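A.B. asks: Here is my input, please return the structure:
(one chain, ligands or ions: 1)
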Amino acid sequence: MSKKVRVRFAPSPTGGLHLGGVRTVLYNYLFARQHGGDFVLRIEDTDQSRYVAGAEDYIFETLAWCGLEPDESPRKEGAFGPYRQSERKEMYRTYAERLVNEGKAYYAFDTPEELDAMRSLLKSDTNPTPQYDRTVRGQMRNSLTLPADEVKSLLDAGTPHVVRIRMPEGETVSFNDMIRGEVTFDTAIVDDKVLLKGDGMPTYHLAVVVDDHLMQITHAFRGEEWLPSAPVHILLWRWLFGEEAMPQWAHLPLILGPSGKLSKRDGAKYGFPVFAANWSDPKSGELTEGFRERGFIPEAFVNLLALLGWNDGTEQELFTLEELIQRFQMEKVHKGGAKFDFEKAQWFNHEWIKRSTAGRLLPDVKALLLSKGITPNDDAQLAKVIDLVKERCTLLPDFAQQGGFFFAAPSEWDTAAFASKWTPAKQSFFETYGNRISTASDATSFESIFKQSAEEAGIKPGELQLPLRIMLVGGKFGPPVFSIAELIGAEETKARIRKVLAILA
Ligand code: GLU
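C.D. replies: Residues are numbered from 1 along each chain as shown. As a prediction, the model looks like this:
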């Protein structure tokens, strides 16, 4: 029997989640669900200097909003906890020491000043950022160069030190990426990365390998930016747990902006964080705005994320989460970067708003209207309004313009749109119409009374429709005008007509 599929999303709580991060969550989730496996959320918080308070809450809120809840996490402990690396600190040291004892890693006692001196000494045009590597380690203060008794007394005295991996020379390592196929590296190009830091915390490299092992992870999906670290991880797997035990990896393609690599600026422009955070951008000092504030709905957001770098080989673009679980295939994820297009993202949202029921949209639309100071009187009425206008809404805030006037009479009217063609005959037509609609209760009756009255007045109904719309709505927009009259009712329709007639008179 094959092992139970277990995947993990392993974010560092260093800020808001952006598109790429949530896409990684989604692909993990889809893969876990389609294989009846577990989806684990592990918080990789070993770099305390980059820790942002609130980031973990943000991650949880994002996953909840997207409907991509993990099976195990720091807030839903399973059998493999703790799920925050800082709380696992004590677990890592033994592995680092084992590697030191086996000659695969070493203690390094170099002070920050000594490291700086090394870098400025070796810095040249051909080597602008000197690394601590096989060419350098022999000249530094570490357990490879110092006598064993000195190393022991330094350790006994509690001298600050790190543990570094001793990258072998002239070896190639390779693995089979689920998206890219066979990927091969020359170990000589990789530096002697720190595995255990001075504060006793592991670095990402050690922690990710140890935890993927201890948490019995079978598949690890992460951003392409981690590909260069793969040789370090492969060696750690080989030495600690055996390479055959390594999870199957997939490195997901970058998400590109309209002009190449997705920049911070694109992020600010298109709202790349999922929702606004209560921290500001360290550079601009501005609060970030995200997809949620812009009025994307999670179904659309998840759908558009899935298609950033994947499709099922057909023309189909709209997928429910259930369909994605059925159809997603990691092997079909593209190798090249995926272009993010905000127009297209809006198209997804528009399609999703159209195909969502009024009941589904109601809480979101209600919250939106309330936030704009519009109080929808009752839910049944609001549901009708949603059905009537959703075709016209791309993002949720569009419901304020397209639906707000059902609940609050306009306070401004674009009378200029018909003023030049206004006549006393039209004025009296509307007076008559207002008087005659008391018994009208549906769009058809509002319309037939309208046509009848127009005929009697000898005016083409087409010339009267725009003024009626502006009286009811305030401007030249909205769904069919007699449907609006039906929904706001005869009394309100009459009141709105009279108000504008009074202004015009
Ligand atoms: N902590 C890493 C990150 O934030 C995780 C990478 C991985 O999934 O291995 O990107």
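A.B. asks: any low-confidence regions in the protein?
C.D. replies: In the predicted model, the chain carries pLDDT under 70 at residues 1, 260-289.
A.B. asks: Tell me the residues of it that contact the ligand?
C.D. replies: Proximity of the chain to the ligand, by C-beta under 6 Å from any ligand atom, involves residues 10, 11, 12, 44, 204, 208, 222, 226. The C-beta positions use only the backbone N, C-alpha and C, and glycine is treated the same way.
A.B. asks: Of all the residues in the stretch 151-300 of the chain, which one is nearest the ligand?
C.D. replies: The nearest approach of the stretch 151-300 of the chain to the ligand comes at residue 222, 3.4 Å away (C-beta to the nearest ligand atom).
A.B. asks: Contact partners for residue 14?
C.D. replies: By C-beta atoms under 8 Å, 6 or more residues apart in numbering, the contact set of residue 14 is 47, 50, 51, 52, 55.
A.B. asks: If you could redo that for residue 368, that was the one I meant.
C.D. replies: 295, 396, 397, 399, 400.
A.B. asks: out of the contacts of residue 14, which are buried?
C.D. replies: Buried by 16 or more other C-beta atoms under 10 Å: 47, 52, 55, out of the contacts of residue 14.
A.B. asks: closest to residue 157 among those?
C.D. replies: Closest approach between the buried ones among the contacts of residue 14 and residue 157, by C-beta to C-beta: residue 47, at 26.6 Å.
A.B. asks: right, and the residue of the stretch 151-300 of the chain closest to the ligand touches residue 24 too?
C.D. replies: Yes. At 6.5 Å, residue 222 counts as touching residue 24 under the criterion of C-beta atoms under 8 Å.
A.B. asks: Could you tell me which residues touch both of these two?
C.D. replies: Listed contacts common to residue 222 and residue 24 are residue 252; contacts here mean C-beta under 8 Å, 6+ apart.
A.B. asks: could the residues of the chain next to the ligand be laid out in TSV, adding neighbour count and secondary structure?
C.D. replies: As requested, the residues of the chain next to the ligand are arranged in TSV below (neighbours: other C-beta atoms under 10 Å; DSSP: H, G, I helix; E, B strand; the rest coil):
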residue	neighbour count	secondary structure
10	23	coil
11	22	coil
12	18	coil
44	20	coil
204	20	helix
208	25	helix
222	20	strand
226	15	helix
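A.B. asks: With adjacent residues omitted, what lies nearest to residue 436?
C.D. replies: residue 449 (5.2 Å; C-beta to C-beta, 6 or more residues apart in numbering).
A.B. asks: so the one you found is in which element?
C.D. replies: helix 443-457 (DSSP states H and E).
A.B. asks: so what secondary structure elements neighbour that helix?
C.D. replies: Using 3 or more C-beta pairs under 8 Å, 6 or more residues apart in numbering; DSSP states H and E, the elements in contact with helix 443-457 are helix 424-436, helix 461-473, helix 481-504.
A.B. asks: to the chain's geometric centre, what's the distance from the last one?
C.D. replies: Looking back up the chat, that one is helix 481-504. 43 Å (C-alpha atoms, centre = their mean, to the nearest Å).
A.B. asks: Which residues outside that helix are in contact with it?
C.D. replies: Contacts of helix 481-504 (C-beta under 8 Å, 6+ apart): 381, 384-385, 388, 405-406, 409-410, 413, 415, 422, 427, 430-431, 433-435, 437-444, 446-447, 450, 465, 467-473, 478.
A.B. asks: residues in contact with residue 302?
C.D. replies: Residues near residue 302 by C-beta under 8 Å, 6+ apart: 26, 66, 67, 68, 321, 324.
A.B. asks: same question but for residue 479, I mixed them up
C.D. replies: Counted by C-beta under 8 Å, 6+ apart, residue 479 has contacts 388, 389, 391, 392, 402.
A.B. asks: what about 10 Å?
C.D. replies: 385, 387, 388, 389, 390, 391, 392, 402, 403, 406, 473, 487 (C-beta atoms under 10 Å, 6 or more residues apart in numbering).
A.B. asks: And for residue 211?
C.D. replies: Taking C-beta under 10 Å, 6+ apart, we find residue 211 in contact with 8, 10, 40, 42, 44, 80, 83, 85, 88, 91-92, 202, 217.
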